[in-house]
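Engineer: Mind looking at a prediction? Sequence and model below.
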Amino acid sequence: MGDAAATGREARMIAIDEARALVLAECGRLEVERVPAARAPGRVLAEDLCAQVALPPFDNAAMDGFALACDGTHLPAGGVWEVAGVQAAGDARAHAVHGAWRIMTGAALPPGTDTVVPVEQVDVLARGGGGEPERIRLTADAARGQHVRRAGEDVGPGMRVLDAGTRVGAVEQMLLAALGVSTVAVRRAPRVALVSTGRELVDDPAQPLAPGRIRNSNGPYLAEEFRTRDADIVLQATIADDPAHYAEALRQAMALGCDLVISTGAVSMGEFDFVPAALDALQARIVFHKVRIRPGKPLLFAVLPTGALFFGLPGNPVSAAVGLRFFVDPALRAMRDQPPERPLRVPLAVDVRKKVGLCHLQKARLAADAQGRLGVRPLPGQESFRILPLARANAWAVLPEAADVLAAGTMVEVYGQAPGTWRLVEEGCDI
Ligand SMILES: Nc1nc2c(c(=O)[nH]1)N[C@H]1C(S)=C(S)[C@@H](COP(=O)(O)OP(=O)(O)OC[C@H]3O[C@@H](n4cnc5c(N)ncnc54)[C@H](O)[C@@H]3O)O[C@H]1N2
Ligand code: MOO
Ligand SMILES: [Mg+2]
């Protein structure tokens, strides 16, 4: 085990695309389950969803006013109408009666009527005892069919309204509710274990820091990132550089049926960087260790004996964020049978200098200039220990491995800071 194997693995540091392809090759699909629509938000649809009903379900008024029958192309201003009754939203369709109907927005059009004149475009000539209009005169021409929302105009029965692979959010929930969908087929939530390593780490924010100690920031960061990615976090542990305790945490993760184990720290060259050896001892299959990226170079990817995917993210906070965004996120999408995310291509707003031979993944801001043209600006402070620029970033700029100087205006790939930052990124549109 150990050194020879590790040395061999390190001898072949691989490119980001190769590393990502190796990750995707190991991703199985999460099982499909049927859940009540109310529990669908956050889940990813496993099937296309076809409407069983029409939206709107019936012809109805788009304005408060009067529903009239028009036998030509329009009703002329000056026309006088007797009012037959009142139709409110929620009323069953009224019986056919000639004349005008006082109608409210959303009310079903009475049979025979096909045009709605807004209340602002009539004079009331006579009122009943309760003050209700009994006779009206149009003050403007009305085009036939105006202010009517036709049954099926939004969604026709049988229409595919949501594609498999769509994450159900609030808008999708609106659509499911409008269509009266009771259950949907979704991918189950991935089960995730988060393990922070390092004897310097302090978890309790109330505990004073002894000299040399630091707060565990990766643990809470990853927990929140996985919460927003709709995962079940079934284990969270902090291990103080003790390989036996570490192996025990991984065994526990496997026993809990984890799909993903995300570990931070202890993957580089230090005396206490025990992760590769611990994985060998557990008979995990290390797929790669070290990628030609900055930050995040010592990233390790393995498959545990249960089939769980193991990501050994480097301990520096920004390196952990890069590992999550560029390796774990593509895996999560594959597990949910979603197409790969496609980046935007955006011009650099400034000149950038970088190291040849490493693909730089830089904390950046995507913003529009005074003319509204988008550009991306890598932020000062790219070192992997610097958290503040990460908090100021809204994007990741991908600077290719082969480049050294990239002039302002050069088109580069840009990813949202989190998946779905821009809906069009998830949908794979270029701009
Ligand atoms: N001789 C070499 N040294 C290092 C190399 C190298 O190639 N040769 N690579 C550097 C790079 S690049 C990185 S990235 C780090 C990766 O280190 P590890 O993954 O082994 O992580 P640690 O050594 O445990 O910690 C690194 C750094 O991150 C801090 N850390 C760790 N965990 C957390 C946490 N949960 N919350 C906040 N901060 C954390 C830790 O205190 C260290 O400062 O190795 C370089 N060294
Ligand atoms: O690659 Mo390390 O992640 O630069 O600090
Ligand atoms: Mg280390």
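Structural biologist: Done, it's in. Predicted model, so just to flag it, every value in this text is computed and none were measured. Numbers count the residues shown, from 1 in each chain. Ligands and ions are numbered 1, 2, ... in the order given.

Engineer: For the residue of the stretch 301-431 of the chain found nearest ligand 1, which non-adjacent residue is closest in space?
Structural biologist: In the stretch 301-431 of the chain, the residue that lies nearest ligand 1 is residue 315 (2.7 Å; CB to the nearest ligand atom). Every C-beta, even on glycine, is put in place using the N, C-alpha and C of the backbone. Excluding its sequence neighbours, the residue lying closest to residue 315 (CB to CB, 6 or more residues apart in numbering) is residue 265, at 3.1 Å.

Engineer: What residues does the one you found make contact with?
Structural biologist: Counting by CB atoms under 8 Å, 6 or more residues apart in numbering, residue 265 touches 196-198, 218, 273, 275, 313-315.

Engineer: Which member of these is positioned nearest residue 206?
Structural biologist: Nearest to residue 206 among the contacts of residue 265, counting by CB to CB, is residue 196 at 17.9 Å.

Engineer: Quickly find the element holding that closest one.
Structural biologist: strand 191-197 (DSSP states H and E).

Engineer: export that strand as PDB, just CAs?
Structural biologist: Taking Å, rounded to 0.1, in the frame of the first residue of the first chain, the C-alpha atoms of strand 191-197 are listed here in PDB:
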ATOM      1  CA  ARG A 191     -27.000  10.400   1.500                       C
ATOM      2  CA  VAL A 192     -23.800  12.300   2.400                       C
ATOM      3  CA  ALA A 193     -21.200  12.100   5.100                       C
ATOM      4  CA  LEU A 194     -19.000  15.100   5.800                       C
ATOM      5  CA  VAL A 195     -15.700  14.600   7.600                       C
ATOM      6  CA  SER A 196     -13.300  17.400   8.500                       C
ATOM      7  CA  THR A 197      -9.800  16.500   9.500                       C
END
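
Engineer: Return the list of strands paired to that strand, each annotated with direction.
Structural biologist: Strand 191-197 sits in its sheet next to strand 232-239 (parallel), strand 260-264 (parallel), going by DSSP bridges.

Engineer: was I right about residue 258 contacting residue 195?
Structural biologist: No. Look at residue 258 against residue 195 with CB atoms under 8 Å: they stay out of range, at 10.4 Å.

Engineer: Overlap in contacts, those two.
Structural biologist: Once CB under 8 Å, 6+ apart is applied, the residues that residue 258 and residue 195 both contact turn out to be residue 235.

Engineer: ok so, going back, go through the strands paired with strand 191-197 and name the closest to ligand 2.
Structural biologist: Here strand 260-264 is closest among these (CB to the nearest ligand atom), at 11.0 Å.

Engineer: Of the strands paired with strand 191-197, which is nearest ligand 3?
Structural biologist: Shortest distance between ligand 3 and these, using CB to the ion, is found for strand 260-264: 10.4 Å.

Engineer: and the strands paired with strand 191-197, which is most packed in?
Structural biologist: Comparing these by mean neighbour count (mean count of other CB atoms under 10 Å), strand 260-264 ranks first with a mean of 27.

Engineer: who's in contact with it?
Structural biologist: Counting by CB under 8 Å, 6+ apart, 190-197, 218-219, 222, 226, 231, 250, 253, 275, 304, 308-315, 320, 324, 328, 331-332 sit against strand 260-264.

Engineer: about what we covered before: quick check: the residue nearest to residue 315 vs residue 70, distance?
Structural biologist: For residue 265, the distance to residue 70 (CB to CB, to the nearest Å) stands at 74 Å.

Engineer: can you check residue 289 too?
Structural biologist: Counting by CB to CB, the gap from residue 289 to residue 70 is 75 Å.

Engineer: more crowded one of the two?
Structural biologist: Neighbours per residue, other CB atoms under 10 Å: of residue 289 and residue 70, the larger number sits with residue 289, 24 against 16.

Engineer: do you know how far that one is from residue 91?
Structural biologist: 69 Å.

Engineer: Do a quick rundown of the helices in this protein.
Structural biologist: Listed in chain order, the helices of the chain (DSSP state H) span 2-11, 16-25, 170-179, 218-228, 243-255, 275-281, 317-323, 329-335, 388-392, 423-426.

Engineer: out of those helices, deepest packed?
Structural biologist: helix 317-323 (a mean of 26).

Engineer: Distance from that one to the middle of the chain?
Structural biologist: Put simply, helix 317-323 sits 19 Å off its chain's centre (CA atoms, centre = their mean, to the nearest Å).

Engineer: quick one: average pLDDT of that helix?
Structural biologist: Average pLDDT, helix 317-323: 98.

Engineer: what's the answer for stretch 184-196, then?
Structural biologist: The pLDDT scores in stretch 184-196 average 98.

Engineer: With stretch 395-412 instead?
Structural biologist: Mean predicted lDDT for stretch 395-412 stands at 97.

Engineer: Make 30 the starting number, not 1.
Structural biologist: Sure, I'll start numbering at 30, so the last one becomes stretch 424-441.

Engineer: Pull out the buried residues from it.
Structural biologist: Applying a neighbour-count criterion of 16 or more other CB atoms under 10 Å, one finds 424-428, 430, 432, 435, 441 buried in stretch 424-441.

Engineer: Report the contact partners of the nearest residue to residue 434 once chain neighbours are set aside.
Structural biologist: Leaving out its chain neighbours, the residue that sits closest to residue 434 by CB to CB, 6+ apart is residue 382, at 5.3 Å. Residues in contact with residue 382, defined by CB under 8 Å, 6+ apart, are 433-435.

Engineer: Please repeat the previous calculation with a cut-off of 10 Å.
Structural biologist: If you count contacts by CB atoms under 10 Å, 6 or more residues apart in numbering, residue 382 has them with 389, 428, 432-435.

Engineer: Those residues of this protein touching ligand 2, which are they?
Structural biologist: Contact residues (CB under 6 Å from any ligand atom) of the chain with ligand 2: 323-326, 343, 345, 348, 413.

Engineer: and the gap between the residue nearest the centre of the chain and ligand 2?
Structural biologist: Centre of the chain computed as the mean C-alpha position; nearest residue by CA atoms, centre = their mean is residue 449, 3.6 Å away. Noted for residue 449: a distance of 25 Å to ligand 2, by CB to the nearest ligand atom, to the nearest Å.

Engineer: In the stretch 80-229 of the chain, which residue sits closest to ligand 1?
Structural biologist: Per CB to the nearest ligand atom, residue 225 is where the stretch 80-229 of the chain lies closest to ligand 1, at 4.0 Å.

Engineer: right, and that residue touches residue 251 too?
Structural biologist: Yes. Between residue 225 and residue 251 there is a contact under CB atoms under 10 Å: 8.2 Å.

Engineer: Can you work out which residues contact both of these two?
Structural biologist: Common neighbours of residue 225 and residue 251 (CB under 10 Å, 6+ apart) are 265, 291-293, 342, 349.

Engineer: want to throw the residues of the chain next to ligand 2 into CSV with distance to residue 298?
Structural biologist: Shown next, in CSV, are the residues of the chain next to ligand 2 (distance: CB to CB, whole Å):
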residue, distance to residue 298
323, 16
324, 15
325, 15
326, 11
343, 11
345, 13
348, 14
413, 15
